[in-house]
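Chemist: Only the shape, not the letters, is given here:
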């Protein structure tokens, strides 16, 4: 009864998960997470996958994103909105999704006291697509898309195309306001079934297909919170071979070019590029025509996000139709219909205005008379400085005459105030606390026009875009400019195993005798070293750094504030900040140094008998030294399961091995050399390695007093054999060949990632009664496998459901061989040829199934 209850609970929880489907190869996928509750005072938003080690996918604090504990497979691929904690939109964008990204993701928030789960998202990355072929000139073509029937009434369906640019092909329900979002190329050319919600057939009929319609189309289904996607590749073939088509086109162009040029003289589609620097008063987006335009035409400027920039109709501007972003910022010329100059002036452009702007002229009936695209690129100048400089200037000088009552506002890209100048004084109370006592502007700035801002003690935390805006007394923008700041942090690189590393910091500034020097790391700003009142303050130091740091004598006199860190490991890979304070806690100096400890990595193939983790030293080691090998979870296994770490792998003490201290996972699997303290060869041999052993291994040598004498790390990567086949093949072989003449009484067991028995061989024969029913009558192994050493497994009739990891173990009083194989069964690409004589057939949706039903 309890088991049934647990299963019901599990099923219920699983059903609540949002399902997101995406095809492999897409640019990105969005994992939704919206929060409507109360945000705690010190919030942390976490995206995790519990089947990974480490499980962190993305973390965001109030200060920004935190990538310190992020699983390395997501490095540089995740992004959250910078204003997520303000908008309560915690959705995660995952770039370039891969098949291995499929899994269950959890979005949660904590405030220091407890953690609250907000959303469970099941991501399914599929390697399937349908190909449809049709001949140009056909009446229509069907792009298939099917899912479960009886969809909810609020289901939304979008057909899009991403090449050559993102275009909305069709949207359901097809309301009038949504019709405007549809790309003009597909207007009046698309249709879907009327009863698609009941049937689940969301296929799209595209009328009069041409070669320019060829490409990839995505069918996206928004069902409740689920987002399901299916991909269709359309290939429209011309009636003639390419050379004949080209010849015909040239002939037609030659004959009728004069008539075409005359008839379409008013219509052009060229893209004109305009580039300006941030800070200019305005920019002109050109659009001119020599065609005679009737007085009742409508001129509409739109940006690439379909926001209305400017509307002119009935001989006047229509400011009420503009998007608020462009209010009071656009202007068109007078008598534009008479002169044909439809150019648009955009005031105070910034890089946020970078877009393709489209000028479209419609007649009274709504038909397009003219259309032109203009690409605007606003360049943002960059200021670069090295970490450790006393200050940096963000330059801004103008020749504009500025009124005495003007307001000057510097903001960062998070919309926080750096500095505000108003009513002839600095308004420090409006300044964000991050910038308190760190900014300065020139005197008499309105008269001189020098609005530059000085920022003291810049760090890489200040790397962002800054905007200076000048307002009139009425609140109108007089001037706006953006600058990007880049603070370069020097990097120190060393190999694991060095005795110590120095983080350099030298200054020529005169430092007072009562100054305080503090080194901190970027992991929760732990104190690494503190110097105050003429001496070190070890009691203030974080325990991680106890007895591991050292600074020079007379450091305030010499200006050498460098820090020496002993026995560095990859766990010390942080950015370290040295801050010098005056007695009143005013910051005198600040510098950052990034430390990178390189860990050498050993790579072997799954199935080898053993691997050696090499470590040799020339240091004289005492006879009573202790040698300890430990693991740590900084390198991932290919099967991303939560595993303990920091386990003892091998211990050598009192001149002999100490297996009692060894973790049971490593029992009877490790070996070190004899006389290791004399020879200095501390290498470790690990038997029967699998990808579960993919760790960073640390060897530490201790004196009898417990002091560290030497420390080195070594990464192990056991490569997993991957086998790929297409669904529909008769069989697939999972290879495993090892040494010949294995013991006759050894057993062989193949199991899948759910620990189900795939095939068992024992006592000289197969054991089908021990096999899981899913694999009954589907597996086969070679005869005389123990003598030949060929333990390969043949799996018949593989399907997509067999795509998983398989493990083969040979045992005889414990493991003696082990290998992992990853099987990937790709769904066959379905090709539907609609190139037959379909020009006269009905355009109704073909009931023939064209795509495997997508279960959700």
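Modeler: Alright, I've got the coordinates. In this text, all values refer to a predicted model and were calculated from it rather than measured experimentally. Numbering: from 1, shown residues only.
Chemist: what comes up buried for stretch 674-684?
Modeler: Using 16 or more other CB atoms under 10 Å as the test for burial, stretch 674-684 gives 676-677, 680, 682-684. Heads up, the C-betas are built off the backbone N, CA and C, glycines and all.
Chemist: What about those, which are in helices?
Modeler: Secondary structure assignment by DSSP state H places 676-677 of those in helices.
Chemist: Just give me the closest of the buried residues of stretch 674-684 to residue 168.
Modeler: Among the buried residues of stretch 674-684, residue 684 lies closest to residue 168 (CB to CB), at 59.1 Å.
Chemist: who's in contact with the closest one?
Modeler: Applying CB atoms under 8 Å, 6 or more residues apart in numbering to residue 684 gives the contacts 612-613, 615, 629, 649-650, 670-672, 697, 699.
Chemist: Check the gap between it and residue 697 for me.
Modeler: 7 Å (CB to CB, to the nearest Å).
Chemist: Name the residues contacting each of those two.
Modeler: 613, 629, 649.
Chemist: Surely the second one and residue 698 touch.
Modeler: Yes - taking contacts as CB atoms under 8 Å, residue 629 lies within contact range of residue 698: 7.1 Å.
Chemist: Columns pLDDT on top of the buried residues of stretch 674-684, output as a markdown table?
Modeler: Formatted as a markdown table, those follow (pLDDT from 0 to 100):
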| residue | pLDDT |
| --- | --- |
| 676 | 95 |
| 677 | 95 |
| 680 | 95 |
| 682 | 96 |
| 683 | 96 |
| 684 | 97 |
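Chemist: Return the subset of the contacts of residue 684 lying in strands.
Modeler: When DSSP state E is applied, those are split such that 612-613, 629, 649-650, 670-672, 697, 699 fall in strands.
Chemist: can you list the domains in this protein?
Modeler: Domain ranges of the chain: 17-126, 279-379, 388-488, 497-598, 607-719, 728-826, per automatic domain parsing.
Chemist: Would you map the helices across the protein?
Modeler: 2-16, 84-87, 176-179, 196-199, 242-263, 336-339, 445-448, 555-558, 676-679, 785-788.
Chemist: State the mean pLDDT of stretch 521-532.
Modeler: For stretch 521-532, mean pLDDT is 92.
Chemist: same check, this time on stretch 386-400
Modeler: On average, stretch 386-400 scores 93.
Chemist: Tell me the buried residues in it?
Modeler: Result for stretch 386-400 [16+ other CB under 10 Å]: buried residues 387-388, 392, 394, 396, 398.
Chemist: Closest to residue 607 out of the residues you listed?
Modeler: Nearest member of the buried residues of stretch 386-400 to residue 607, counting by CB to CB, is residue 387, at 47.9 Å.
Chemist: how many other residues sit next to the residue nearest to the closest one when sequence neighbours are not counted?
Modeler: Counting by CB to CB, 6 or more residues apart in numbering, residue 387 lies nearest to residue 592, which is 4.3 Å off, once chain neighbours are set aside. Residues lying near residue 592 (other CB atoms under 10 Å) number 24.
Chemist: so residue 592 sits right up against residue 521, yeah?
Modeler: No - between residue 592 and residue 521 there is no contact, the gap being 10.6 Å when judged by CB under 8 Å.
Chemist: For those two, list the residues in contact with both.
Modeler: 575-577.
Chemist: Adding pLDDT as columns, could you present those residues in JSON lines?
Modeler: Output for the shared contacts of residue 592 and residue 521, formatted as JSON lines (pLDDT from 0 to 100):
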{"residue": "575", "pLDDT": "95"}
{"residue": "576", "pLDDT": "96"}
{"residue": "577", "pLDDT": "96"}
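Chemist: filter these to the buried ones?
Modeler: 575-577.
Chemist: which among these gets closest to residue 52?
Modeler: Out of these, the member with the shortest distance to residue 52 (by CB to CB) is residue 575, at 24.7 Å.
Chemist: separation between the closest one and residue 72?
Modeler: For residue 575, the distance to residue 72 - CB to CB - is 18 Å.
Chemist: In the sheet, which residues pair with residue 822? Tell me.
Modeler: residue 722, residue 805 (DSSP bridges).
Chemist: Would you agree it is in contact with residue 721?
Modeler: Yes - with contacts counted by CB under 8 Å, residue 822 reaches residue 721, the gap being 7.0 Å.
Chemist: Looking at the two, which one has more neighbours?
Modeler: Legend: neighbour count by other CB under 10 Å for residue 822 and residue 721, higher for residue 822 (20 against 16).
Chemist: quick one: contacts for that one?
Modeler: 638, 720-723, 804-806.
Chemist: top of those residues by neighbour count?
Modeler: Ranking the contacts of residue 822 using other CB under 10 Å puts residue 806 first, with 23 neighbours.
Chemist: and the closest residue to residue 181 other than its chain neighbours, how many residues sit next to it?
Modeler: If the residues on either side of it in the chain are set aside, residue 181 comes closest to residue 168, at 5.2 Å by CB to CB, 6+ apart. Using other CB under 10 Å, residue 168 has 16 other residues around it.
Chemist: so residue 168 touches residue 184, yeah?
Modeler: No - with contact defined as CB under 8 Å, residue 168 and residue 184 do not form a contacting pair (10.4 Å).
Chemist: and the closest residue to residue 375 other than its chain neighbours, what does it touch?
Modeler: Counting by CB to CB, 6+ apart, residue 273 is the residue found nearest to residue 375 once chain neighbours are left out, at 4.5 Å. Neighbouring residues of residue 273 by CB under 8 Å, 6+ apart: 374-375, 377.
Chemist: Can you report how many residues neighbour residue 719?
Modeler: Residue 719 - counted by other CB under 10 Å - has 15 other residues nearby.
Chemist: what does residue 552 give?
Modeler: The burial count for residue 552: 13, using other CB under 10 Å.
Chemist: Test my guess that it contacts residue 563.
Modeler: No - using CB under 8 Å, residue 552 makes no contact with residue 563, being 9.3 Å away.
Chemist: Any stretches of the stretch 151-300 of the chain with poor pLDDT?
Modeler: 162-165, 175-180, 238-270 (pLDDT under 70).
Chemist: Could you do the stretch 701-850 of the chain as well?
Modeler: 828-850.
Chemist: Any buried residues in stretch 567-586, and which?
Modeler: 567-570, 572-581.
Chemist: can you tell me which residues contact residue 559?
Modeler: Applying CB under 8 Å, 6+ apart, the residues near residue 559 are 506-509, 511.
Chemist: Any figure for the gap between it and residue 714?
Modeler: Taking CB to CB, one finds residue 559 at 39 Å from residue 714.
Chemist: Likewise for residue 618?
Modeler: Applying CB to CB to residue 618 and residue 714 gives a distance of 18 Å.
Chemist: more crowded one of the two?
Modeler: Comparing residue 618 with residue 714 by other CB under 10 Å, the one with more neighbours is residue 714, at 22 against 5.
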